[in-house]
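Novice: sequence first, then the predicted structure, then my questions.
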Amino acid sequence: MELDCLECGACCRDNRVELEDVDIERFEKAGRGELARPPYARRDDGKIVLVLQRDKRCKHLADDNRCGIYPVRPDACSTFPAGSECCLSSREEELGILDGATAILD
């Protein structure tokens, strides 16, 4: 199955992304240290997590499903396995896509 993440972006919706030290260091080195602080991130249960918008989309997900911080995105995002059970489940739950070949349901 071949998936086009720009056609979907389901993994960037209603997903908890915890920032690790390496993510925060990457932000700092790129001159984007603010990404680890409000309004982009918050503390939750002792972890720093990316903030979601009211519609539960990642604050960095653009309308064209492109990541606004792609070059410095957290490891949890860059290593998310496209086509995995988590991916397919997100596609179904968030967008109503039943498999890689099925169009979005109304």
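Specialist: Received the coordinates, thanks.
Novice: measure Gly46 to Glu28 for me?
Specialist: With distances taken as C-beta to C-beta, to the nearest Å, Gly46 is found 21 Å from Glu28. All C-beta spots, glycine's among them, are computed from the backbone N, C-alpha and C.
Novice: the two: who's more crowded?
Specialist: Each of Gly46 and Glu28 has its neighbours counted (other C-beta atoms under 10 Å); Glu28 has more, 14 against 6.
Novice: centroid-nearest residue for this protein?
Specialist: Nearest residue to the geometric centre of the chain (C-alpha atoms, centre = their mean): Cys12, 3.2 Å.
Novice: let me see the contact set for that one.
Specialist: 57-58, 60-61, 65, 67, 77 (C-beta atoms under 8 Å, 6 or more residues apart in numbering).
Novice: filter those residues to the buried ones?
Specialist: 57-58, 60-61, 67, 77 (16 or more other C-beta atoms under 10 Å).
Novice: out of the contacts of Cys12, who's nearest Leu19?
Specialist: For the contacts of Cys12, the closest approach to Leu19 (C-beta to C-beta) belongs to Cys77, at 10.3 Å.
Novice: identify the residues contacting the biggest helix by length in the chain?
Specialist: Assignment by DSSP state H gives helix 21-29 as the longest helix of the chain. Outside helix 21-29, the residues that touch it by C-beta under 8 Å, 6+ apart are 33-36, 48, 72, 74-76.
Novice: repeat the analysis, applying 7 Å as the threshold.
Specialist: 33, 35-36, 72, 74-75 (C-beta atoms under 7 Å, 6 or more residues apart in numbering).
Novice: and the furthest pair within these?
Specialist: Longest span within the contacts of helix 21-29, C-beta to C-beta: Gly33 and Asp75, 16.8 Å.
Novice: and stretch 20-39, how far from the chain's centre?
Specialist: 16 Å (C-alpha atoms, centre = their mean, to the nearest Å).
Novice: for stretch 3-18, same thing?
Specialist: 5 Å.
Novice: gap between the two ends of stretch 12-32?
Specialist: One end of stretch 12-32 to the other measures 20 Å (C-alpha to C-alpha, to the nearest Å).
Novice: for it, buried residues please.
Specialist: 12-13, 15, 17-19, 23-24, 26-27.
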